[in-house]
Each structure stands twice: as structure tokens, then as C-alpha cells.
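J.: From the sequence below, what's the structure:
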Amino acid sequence: MAEELKTLTARSVKWNLIDRMSSQLLYGVTGIILARLLSQEDFGLVGAILVFQAFASLFVDSGFSFALIQRKAPTRLDYSTVLWFNLGMATLIYAVLFVCAPLIADCYGGDGRLVPLSRVMFLTFILNASAIVQTNRLMKKMDVRLVAASNAAGLVCGAVVGIWMAFAGYGAWAIVWQNIALNAVKSLVLWLASGWLPLLRFSWQSLRSFFSVGAGMMTTSFLNVLFQNIYAFFIGNRAGLVPLGYFSQADKWSKMGITSISQVLTSSFLPALSAVQDDSERFARASAKMNRFTAYIVMPAMGFLMVMATPVFHCLFGAKWDPSIVLFQILLLRGVFTVLTGLYNNYLIALARTKAVVGQETLRDVLALVFLVATLPFIAMSREGDILFGIRILLYGQLGASVIAWAVMTVKTAKVTGRRFGQFLGDNVPYLAETVVIGAVMWGESLLIGNCWTLLLVQALTGVGMYVGVNLMLKSVIQKEIFAFIRGKKSDFV
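T.: Next comes the predicted model:
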């Protein structure tokens, strides 16, 4: 059983990485083309809509997908009940937002363009709701290949639609219809290829059985989404749609890495953790291995990308989005703590400690709120040639809140998993130190090389080469096991 779980978990990690890498490649290419063709205001319009979409999406699922994964053996009736609930909530929420579209426009100076844009964009609620359970079933079985295929098909179709509309001059509509096409095709592929059909039944008893985990996770998700999107709301409301466009670009490109890593960890590790939730010794060993694996990936990924931010933006977008670069770097640094705290929440979810998750998320969000209130008066501030001065102050405040919250959450989570704070910290420190030293070398290269493409290539080779080389010299067990798995050899990966 233990060997089978290790194999399934390693295979799940592999396919999740393939899924995320291919998805981000397709999404990234599309995003680069759209960023070159569309204006800052176009992205600001869509960014304003996405604030409301993020909140409403929470009520579609209500945290039940986490409850399904946490449950050891959900039945067909369980899956069917959650599916019908999701579709019903999605339809209801869409109807409410359709009517309230003019009020959304009023939040951004009464811009009438937001009314039709939002009414079409919000159709993604229903499309997403139809795919949640299908995806969840495959994740529960640690069978990610079909999920990866559906994501790729959706991204390709969305890219074709979005790019064609951008070239045709449809502006913000290109992004809206890109999202519609993406979600429609993804859902269609899952339904046609998964081989699973729901029962035409709905069980209140089944739904109620998920409330203890689902309600707690919905509260956690609500708080998380609130403090991920409230900044965009205030930026658009106070500073305007053009600054919001710059922020939206920085936020989108930073989240590509941050969200991808978090999703890979959750979808790969949470089922495995749930399977050993009753064995405290195995759980402690698994959490230690997962901590080190996460640090091995996230530290260089975020750190090196911060150093390479300027050549990345210049090569991909020219100078059009230069004001977004500093915002992008701050968000990446904050993302390190986002990934780590998300990983720690997985440990608590696997142990059904949803109250602890809610408590930790509440702490993090209270801190974020305190720093938000403190920096709120500065959001609209600008200097000559710098319209984002106040927004940077806002983001530095949120970075400080994330650091404090991470420290407190680490102490509490370590106790729950049967380990000490020093052990949790020790899992991260070696990879952080390597990233800082190698990042300094990469930064020095930026002082010597002017061409953005040459600099980007040299920095990438330096970062990857030195990082792998240093870990070879230090005989990193995590790196050894990752390479063994890539070569197809047996590896005690988790």
C-alpha cells in the first residue's frame, strides 16, 4: 500500500507538472500576444470584472471540492449531489450578477462598457460549475492525464478566439471570449472523455455531510479571494482603469507561477496526505519531504524570476509595460509566502482541522486588512512620470503582512504535524540561501549585458546550471529523487 501510494503520488506530481507547464506555455504565448495588441485600459476593464467574478465563483463550489478530496471514499451520489448543487448555484449567481451589472459599472465611474462585458464574462460561472466534479474525481484518483488534456484543448481554442478578436480590433472583448471558449472546451472534453455521468438524484443528507469541511474551506477560500482581489477593486476605484491595467498585468504574470505551484502541490499532495491521516509518524515524514520539495522548487522559481523580471518584460512586451515590472517583483516575493502557507493549509485540511485553517486564514487576513487600511490613503498617489507610486506602497504593506502571517502559521502548523518550528524553517533555509547567492550572480550579469534576449538566456543558464550544480555538490536528497523519477527509476519521492 505504501509503495503504491508513493507511485501514485509521484505520477500525480509528474502529470500535474506537465499540465501546469503546458498550460502556462499556451496561456503565456496568448497573453504575450494580447499584451502587445491590447491597451492598458482594455486590461483594466477586464480586471475590474474579474474582481467580482472571483468572489461569486466561491459560492458556486462552496468548498465541497475540498471535502470530496478529503473524504476517503466518496460515493457516486456524493459526486452527483455536489455537481447539481454547483450548477444550481452558478445559475442563480449568474442571474443576480446579470441584473447587477450596472451597479458594477458604477463602482468604476459609471463606465457603461462594463455592463455587456460583465454579462458575457459571467457565463464562465456555469461552464466552470459543470467541470468541477469531473476534475475532482480524476484528481481524487490521482489520474491527471485527462485533466491536462482538457486544459490544453481549452487553452488552444481560447487562444485562437482571443488572438483573432484582438487582431480584429475587438479590444477587451478578445479577453472575455477567450475565457468563454477556454472554459467551454475544457468542460466539454471532460464530459465526453471521462466516462462518468451523474445520477439524476440530489441528496440533502449527502450535502450536509460535507458541511463541516466544506463550510470551513469556503470561509477560508472567501477570505483568501477577498484579499487577493480587494486590491484590484481599490486600485480601479481610486487610481483608475489604466493603473489597474498595469497592476492586472503584473498580478496575472506573477500568479502564473505562484498559482501553478500551489495547484500542483494541492492536487498532488492532498490526496496522499489524506491517505495517511491516521498514521502520525508517516504523516510527519511526508510533510517533511513535501516541505523540502516545495522549497527546492519555489525558492529558485520566484527568486530567479525576480532577478530576470526586466529582461523578461522587455523581450516579451517591449517597453509598453515597464511600470508593471516593480509590481511584478513585489508580488513574486509575496508569492513565496503564499505558496508556503497554502502548503501548510494542506496539512491541516488532510487532518480535517478546518477550524485551524479558518483561524490561520483569519489571522493572515486581519493582518492584510490592517496594512491595507494603513496604506489605503496612498493608493492614488503619483509622482511625475510615476503613476504607480501609491500602488507600490500598498503592495509593500501586503508583503509585510504576509511575512508576519507566515511566521505565525509555521509555528502552529509544525505542532499539528508533530514537528518543531526549527525543523520547518530548516526545510527552507538551504534552498533560500542558494537562491540568494546565485541570484546575486545573475544580477551582476545584468550590469554587463545590454541585449535583453542575450541577458535572458545567460541568466537562465546561470541560474539553472548553478542551482543544479550546487545541489549536486551538497548531495541534495530531494534533487536526487526528482532526477531519479525523471529518468524512470524507482524513487521514494514522497
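J.: Any regions of the chain where pLDDT drops low?
T.: For the chain, the stretches flagged by pLDDT under 70 are 1-22, 55-72, 139-144, 210-229, 260, 262-280, 352, 485-494.
J.: Quick check, central residue of it?
T.: The residue lying closest to the centre of the chain (Cα atoms, centre = their mean) is Thr259, at 1.9 Å.
J.: in what helix or strand does that residue lie?
T.: Element membership of Thr259 [criterion: DSSP states H and E] is helix 241-275.
J.: Show the subsequent helix or strand relative to that helix.
T.: helix 280-307.
J.: Would you tell me what the next helix or strand after that next one is?
T.: In N-to-C order, the element after helix 280-307 by DSSP H and E is helix 309-317.
J.: Which strands and helices lie in contact with the helix or strand that comes right after that following helix?
T.: The helix or strand immediately downstream of helix 309-317 is helix 324-350, counting by DSSP H and E. With contacts taken as 3 or more Cβ pairs under 8 Å, 6 or more residues apart in numbering; DSSP states H and E, helix 324-350 sits against helix 64-70, helix 211-234, helix 241-275, helix 280-307, helix 309-317, helix 354-375, helix 389-416. Every residue, glycine included, has its C-beta placed from N, CA and C.
J.: Single out the most deeply packed of the ones you listed.
T.: Mean neighbour count, computed with mean count of other Cβ atoms under 10 Å, is highest for helix 64-70 among the helices and strands packed on helix 324-350, reaching a mean of 24.
J.: What's the first helix or strand after that one?
T.: Downstream of helix 64-70, the next assigned helix or strand under DSSP H and E is helix 76-106.
J.: For that following helix, which residues meet the burial criterion?
T.: 78-87, 89-90, 93-94, 97, 101, 104-105 (16 or more other Cβ atoms under 10 Å).
J.: Give the next helix or strand downstream of it.
T.: helix 114-121.
J.: For that following helix, name the packing helices and strands.
T.: Under the contact criterion of 3+ Cβ pairs under 8 Å, 6+ apart, helix 114-121 touches helix 40-61, helix 76-106, helix 173-193.
J.: Present the ones you listed as CSV; the columns should include distance to Leu447.
T.: Shown next, in CSV, are those (distance: least, Cβ to Cβ, whole Å):
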stretch, distance to Leu447
helix 40-61, 30
helix 76-106, 46
helix 173-193, 37
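J.: between those helices, which one is nearest to Gln249?
T.: Nearest of the helices and strands packed on helix 114-121 to Gln249, taken as Cβ to Cβ: helix 40-61 at 6.0 Å.
J.: and the nearest residue to Ala356 once chain neighbours are set aside, how many residues sit next to it?
T.: Counting by Cβ to Cβ, 6 or more residues apart in numbering, the nearest residue to Ala356 once its immediate chain neighbours are dropped is Leu348, at 5.0 Å. A count of nearby residues for Leu348, using other Cβ atoms under 10 Å, gives 24.
J.: Now for Leu348: which residues touch it?
T.: By Cβ atoms under 8 Å, 6 or more residues apart in numbering, the contact list for Leu348 reads Thr354, Ala356, Val357, Gln360, Thr413, Val416.
J.: Check which helix or strand the residue nearest to Gln178 when sequence neighbours are not counted maps to.
T.: Leaving aside its sequence neighbours, Gln178 sits nearest to Gly162 (Cβ to Cβ, 6+ apart; 3.0 Å). Assessed by DSSP H and E, Gly162 sits inside helix 145-167.
J.: what sits up against that helix?
T.: Contact partners of helix 145-167, identified using Cβ under 8 Å, 6+ apart, comprise 15-16, 18-19, 22-23, 26-27, 29-30, 33-34, 37-38, 131, 135, 138-139, 173-175, 177-187, 189-190, 193-194.
J.: let's go with 7 Å and repeat that
T.: 15, 18-19, 22-23, 26-27, 30, 33-34, 37-38, 135, 138-139, 173-175, 177-179, 181-183, 185-186, 189-190, 193-194 (Cβ atoms under 7 Å, 6 or more residues apart in numbering).
J.: Could you check the angle that helix makes with helix 173-193?
T.: Interaxial angle of helix 145-167 relative to helix 173-193 (axes from the mean of the first three to the mean of the last three Cα atoms, to 10 degrees): 150 degrees.
J.: circling back: roughly how far does the residue nearest to Ala356 sit from Ile163?
T.: Using Cβ to Cβ, to the nearest Å, one gets 42 Å for the distance from Leu348 to Ile163.
J.: quick revisit: pull out the buried residues from the helix holding Gly162.
T.: Using 16+ other Cβ under 10 Å as the test for burial, helix 145-167 gives 146-155, 157-159, 161-163, 165-166.
J.: next one: stretch 32-47
T.: Those buried within stretch 32-47 under the rule 16+ other Cβ under 10 Å are 33-35, 37-38, 40-47.
J.: Likewise for stretch 180-192?
T.: Ile180, Ala181, Leu182, Asn183, Ala184, Val185, Lys186, Ser187, Leu188, Val189, Leu190.
J.: list the contacts for the second one?
T.: The reference is to Ala181. Residues counted as contacts of Ala181 (Cβ under 7 Å, 6+ apart) are Cys157, Gly158, Val161.
J.: Let me have the residues you listed in CSV, adding distance to Val339 as columns.
T.: CSV is the format used below for those (distance: Cβ to Cβ, whole Å):
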residue, distance to Val339
Cys157, 29
Gly158, 26
Val161, 31
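J.: can you give me phi and psi for Arg383?
T.: The phi and psi values for Arg383, taken as degrees, to the nearest 10, are phi -120, psi 170.
J.: Check Asp386 too.
T.: phi -140, psi 90.
J.: tally of neighbours for it?
T.: That count, for Asp386 with other Cβ under 10 Å as the rule, works out to 13.
J.: now stretch 179-189, how far from the centre of its chain.
T.: Relative to its chain's centre, stretch 179-189 lies at 19 Å (Cα atoms, centre = their mean, to the nearest Å).
J.: And stretch 469-487, by the same measure?
T.: 26 Å.
J.: Mind listing what's buried along that stretch?
T.: Val470, Asn471, Ser476, Ile478, Gln479, Glu481, Ile482, Phe485.
J.: For Lys480, identify the helix or strand it belongs to.
T.: For Lys480, the enclosing helix or strand under DSSP H and E is helix 477-486.
J.: Just the buried positions in the strand or helix carrying Leu455, please.
T.: Using DSSP H and E, Leu455 maps to helix 452-473. By neighbour count on 16+ other Cβ under 10 Å, the buried set for helix 452-473 is Cys452, Leu455, Leu456, Val458, Gln459, Thr462, Gly463, Met466, Tyr467, Val470, Asn471.
J.: For the closest residue to the third one other than its chain neighbours, give me its contacts.
T.: Computed as Cβ to Cβ, 6+ apart, the closest residue to Leu456 that is not its neighbour in sequence is Pro311, at 4.3 Å. Residues touching Pro311, when contacts are defined by Cβ under 7 Å, 6+ apart, comprise Cys452, Leu455, Leu456, Gln459.
J.: hmm, back to that, I'd like the helices and strands packed on helix 324-350 written out as JSON lines, with distance to Leu340 added.
T.: Converted to JSON lines, those look like this (distance: least, Cβ to Cβ, whole Å):
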{"stretch": "helix 64-70", "distance to Leu340": "19"}
{"stretch": "helix 211-234", "distance to Leu340": "14"}
{"stretch": "helix 241-275", "distance to Leu340": "10"}
{"stretch": "helix 280-307", "distance to Leu340": "7"}
{"stretch": "helix 309-317", "distance to Leu340": "21"}
{"stretch": "helix 354-375", "distance to Leu340": "12"}
{"stretch": "helix 389-416", "distance to Leu340": "6"}
